[in-house]
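*Asks:* have a look at this prediction, sequence included:
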Amino acid sequence: MRSALAKDVRFGVDRLHVQLSDGREISAPLDWFPKLRSATREQRSHWKLIGKGIGIHWDDLDEDLSVAGLLGA
């Protein structure tokens, strides 16, 4: 089975949304990610994909999230 990869990241008022390459979207409460919850809008916007989408990294926050972790795999 092919793994889904992250394509895009956006934030709601209290949620993180990750668009996946297979068309799904993961949505999780920011309370799960204290560094992201406490970050400014500008800091949150400075993300980059890791390994062509297996994860997401925020340099400003020293925070990494993996798609597998978000999917509970």
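*Replies:* Everything's here; your move.
*Asks:* the strands in this protein, which residues?
*Replies:* Taking DSSP state E to define them, one finds strands in the chain at 6-11, 15-20, 25-29, 47-50, 55-58, 63-66.
*Asks:* contacts for the fifth one, please.
*Replies:* This means strand 55-58. 6, 9, 18, 35-36, 39, 43-44, 46-50, 63-67 (CB atoms under 8 Å, 6 or more residues apart in numbering). Any C-beta I mention is one placed from the backbone N, CA and C, and that applies to glycine too.
*Asks:* buried sites along it?
*Replies:* 55-56, 58 (16 or more other CB atoms under 10 Å).
*Asks:* ok now it, how far from the chain's centre?
*Replies:* 6 Å (CA atoms, centre = their mean, to the nearest Å).
*Asks:* rounded mean pLDDT for that strand, please.
*Replies:* Taken as a whole, strand 55-58 has an average pLDDT of 98.
*Asks:* span of stretch 39-54 from start to end?
*Replies:* With CA to CA, to the nearest Å as the measure, the first residue of stretch 39-54 is 22 Å from its last.
*Asks:* can you list contacts of that stretch?
*Replies:* 3, 5-7, 9, 11, 21, 36, 55-61, 64, 66-68.
*Asks:* and stretch 51-68, what's buried?
*Replies:* Under 16+ other CB under 10 Å, the buried positions of stretch 51-68 are 53, 55-56, 58, 61, 63, 65, 67.
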